[in-house]
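Peer 1: Pasting the sequence and the predicted coordinates here, then a few questions.
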Amino acid sequence: DAGVIQSPRHEVTEMGQEVTLRCKPISGHNSLFWYRQTMMRGLELLIYFNNNVPIDDSGMPEDRFSAKMPNASFSTLKIQPSEPRDSAVYFCASSLSGSPKGEQYFGPGTRLTVT
Amino acid sequence: DQQVKQNSPSLSVQEGRISILNCDYTNSMFDYFLWYKKYPAEGPTFLISISSIKDKNEDGRFTVFLNKSAKHLSLHIVPSQPGDSAVYFCAASQGAQKLVFGQGTRLTINP
């Protein structure tokens, strides 16, 4: 039973370049979350989707960040243009809304380095 | 403003003894509380959760206690094992959707 899949696992890019992070949620889950982890701010929610619809994007830092979920099995987080302060680990998580435990299942993360 | 706080960045415990990790929150609207465990280079893994209508939930060696009046929860691991060495995150949500995480506590179990 595959968990949440993220690609790439590592990304190194130069400032100004476009970066696209990808996520495949667990089959059957209908909620998808994008998080960012940094030393300064810890794990923070960027955006989440229910049934492919963005519900809350208040955590998206600025207009350079955008996220899409074109179908139930795929989501992207795009940064354009990237900046050194975007360097972080980006996690995708999925869940089944209404689950009694309220748990979300995380992918392994994408470590982004912007030079 | 940090709504979920883990005030101890690290904790060291002898193998076989009890590990107690603490978490405080400020938002009285939170109704789900969760603990996650994280190893290096992996995503957080769900451990155990508790809803606000309960004050205790147990799963094997892991027990979570919730004190709503103090806005405090704790995770007890007994007995502690070397494989429990990891970073533990406390998280809270309203309506079991948007999770707010604490900064994490690094637990080290010494043989």
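Peer 2: Arrived safely, thanks for sending. Residues are numbered from 1 along each chain as shown, chains lettered A, B, ... in the order given.
Peer 1: Identify the residue spatially nearest to A:N71, adjacent ones excluded.
Peer 2: Once flanking residues are discounted, A:N71 sits nearest to A:N52: 6.5 Å by C-beta to C-beta, 6 or more residues apart in numbering or on different chains. All C-beta spots, glycine's among them, are computed from the backbone N, C-alpha and C.
Peer 1: which one is the residue of chain B most remote from its centre nearest to, not counting chain neighbours?
Peer 2: Relative to the C-alpha centroid of chain B, counting by C-alpha atoms, centre = their mean, B:P111 is the outermost residue, at 22.3 Å. Excluding its sequence neighbours, the residue lying closest to B:P111 (C-beta to C-beta, 6+ apart) is B:E15, at 5.3 Å.
Peer 1: Identify the bridge partners of the residue most central in space within chain A.
Peer 2: With distances taken as C-alpha atoms, centre = their mean, the residue of chain A nearest its centroid is A:W34 (3.0 Å). For A:W34, the beta-bridge partners under DSSP bridges are A:I47, A:C92.
Peer 1: hang on, isn't B:S10 packed against B:R106?
Peer 2: Yes. Using C-beta atoms under 8 Å, B:S10 is in contact with B:R106, at 4.5 Å.
Peer 1: hey, where'd the strands end up in chain A?
Peer 2: Along chain A, counting by DSSP state E, strands occupy A:5-7, A:10-13, A:19-24, A:31-38, A:42-50, A:53-56, A:65-71, A:74-79, A:88-95, A:105-106, A:110-114.
Peer 1: possible to save these as TSV with mean pLDDT?
Peer 2: As requested, those are arranged in TSV below (pLDDT from 0 to 100):
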stretch	mean pLDDT
strand A:5-7	97
strand A:10-13	97
strand A:19-24	98
strand A:31-38	96
strand A:42-50	94
strand A:53-56	94
strand A:65-71	97
strand A:74-79	98
strand A:88-95	96
strand A:105-106	95
strand A:110-114	98
